[in-house]
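Participant: Predicted model follows, preceded by the sequence.
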Amino acid sequence: VSSIQTCADKWKGWGNSCYLFVTPADGNYDPKPSNWNMARAYCLKKGADLVSLTTNEEVDFVYSHTKNFAYWFWIGLRYNRTKLRKSAHWAWSNGDKLNITKWNTGEPNLFETEHCVEILKRLKVWNNEICDSKDNEKRAWICEKPKSVKTSRKTAKITTT
């Protein structure tokens, strides 16, 4: 029995994950999900979540696929706030630990209203933004899920003489 890790069509494989880059320029794009919550719901329907960027190498991989697009890309980072301001923090939607950040100069800011994070157009830096942004900009997003494991059973053909 042998097994290999694979990604479905249109998903890009890197490490142990598969990534789907959803933009207005491709056939996967539904023009409605331009806010963070709708983008996340789209990913969840695909058995994925918005991307969590946990290493510099993963940031480089994602950037290699986003740098040529003139869109902001939603990622899975969100500002979670409780009633006690002290416990407010940035967290990945899938529960991954926040090890690295790539904030643009002066970011994050406007904590009272900007709780979701996007990769800025053609840059490798992050910006916090209103999750339900209505600035008429079409936003893209990135879904991430573990690679599926395909197993195959090799059978030996035995011939007798």
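Facilitator: Received the coordinates, thanks. Numbers count the residues shown, from 1 in each chain.
Participant: Kindly state the pLDDT recorded for the residue positioned nearest the centre of the chain?
Facilitator: Against the mean C-alpha coordinate of the chain, by CA atoms, centre = their mean, the closest residue is Val51 at 2.0 Å. At Val51, the model reports a pLDDT of 98.
Participant: Please report how far it lies from Cys116.
Facilitator: 13 Å (CB to CB, to the nearest Å). In this view, the C-beta of every residue, glycine as well, is placed from N, C-alpha and C.
Participant: Likewise for Trp92?
Facilitator: Distance, Trp92 to Cys116, using CB to CB: 12 Å.
Participant: before we move on, what about Asn37?
Facilitator: In terms of CB to CB, Asn37 sits 8 Å off from Cys116.
Participant: who's more crowded, the two?
Facilitator: Comparing Asn37 with Cys116 by other CB atoms under 10 Å, the one with more neighbours is Cys116, at 25 against 13.
Participant: Who does the more buried one form a beta bridge with?
Facilitator: With DSSP bridges as the criterion, Cys116 is bridged to Arg78, Glu129.
Participant: my guess is it contacts Trp72, does it?
Facilitator: No - using CB atoms under 8 Å, Cys116 makes no contact with Trp72, being 10.7 Å away.
Participant: which ones are touching the residue nearest to the centre of the chain?
Facilitator: Neighbouring residues of Val51 by CB atoms under 8 Å, 6 or more residues apart in numbering: Tyr19, Val62, Ile75, Gly76, Ile142, Cys143, Glu144.
Participant: Return the member of those residues nearest to Tyr42.
Facilitator: Closest to Tyr42 out of the contacts of Val51 is Cys143 (7.2 Å), distances taken as CB to CB.
Participant: what number of residues lie near Ala91?
Facilitator: Ala91, neighbours per other CB under 10 Å, totals 16.
Participant: Skipping adjacent residues, who's closest to it in space?
Facilitator: Asn80 (5.1 Å; CB to CB, 6 or more residues apart in numbering).
Participant: What pLDDT does the model give the closest residue to Ser17 other than its chain neighbours?
Facilitator: Leaving aside its sequence neighbours, Ser17 sits nearest to Glu144 (CB to CB, 6+ apart; 5.2 Å). Per-residue pLDDT puts Glu144 at 98.
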